[in-house]
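Visitor: pasting a predicted model and its sequence here:
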Amino acid sequence: MNCPKCQFENPEGKKFCRECGYDLILACPNCSSEILPSDKYCGACRYDLRSVSNKLLCQKSHEEKKPLPPTDKDRKHISVLFDMLGYTAMTEKLDTEGTNEIMEKISGEISKAISKYGGYIEHVDRR
């Protein structure tokens, strides 16, 4: 089956495009039951699918699905170490307060990025 979004050819039976991750399963626009591209009527609600294009069905299916909240299986514990290029030279030129101010700004931006993607900071070690 070709992906309706990127046209990548995927093997039959796949639920998501292996190239772009788009939904490959079609859903009835009336009841959201799974349908096949060859179906003329929905097998669950008898909706007439003959006037609806596969592209529209894919878009409707994709839009209606809300992302599921992450489970413990989806969460991964990782550690990230940032090597601040020029940190030593900066500390030689600035006093402690100036260095801390710059590092707080950098930490704030890093925290925003982590929060944006659903992560969290459990501990920050500033040695």
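Guide: Sure thing, it's come through. Numbers count the residues shown, from 1 in each chain.
Visitor: end to end on stretch 11-26, go ahead and measure it.
Guide: Between the opening and closing residues of stretch 11-26 there is a gap of 15 Å (C-alpha to C-alpha, to the nearest Å).
Visitor: and that stretch, what's buried?
Guide: For stretch 11-26, burial by neighbour count (16 or more other C-beta atoms under 10 Å) applies to 17, 22-26. For glycine as for every other residue, the C-beta is placed from the backbone atoms N, C-alpha and C.
Visitor: quick check: domain ranges of this structure?
Guide: By the record's domain assignment, the chain is partitioned as 1-66, 69-127 (automatic domain parsing).
Visitor: mind telling me which of the ones you listed the model trusts least?
Guide: Among the domains of the chain, domain 1-66 carries the lowest mean pLDDT, a mean of 76.
Visitor: now do the same contact list for the closest residue in space to residue 50 that isn't next to it in sequence.
Guide: In this structure, residue 50 finds its nearest non-sequential neighbour in residue 40, 5.3 Å apart by C-beta to C-beta, 6 or more residues apart in numbering. Under the criterion of C-beta atoms under 8 Å, 6 or more residues apart in numbering, the neighbours of residue 40 are 48-50.
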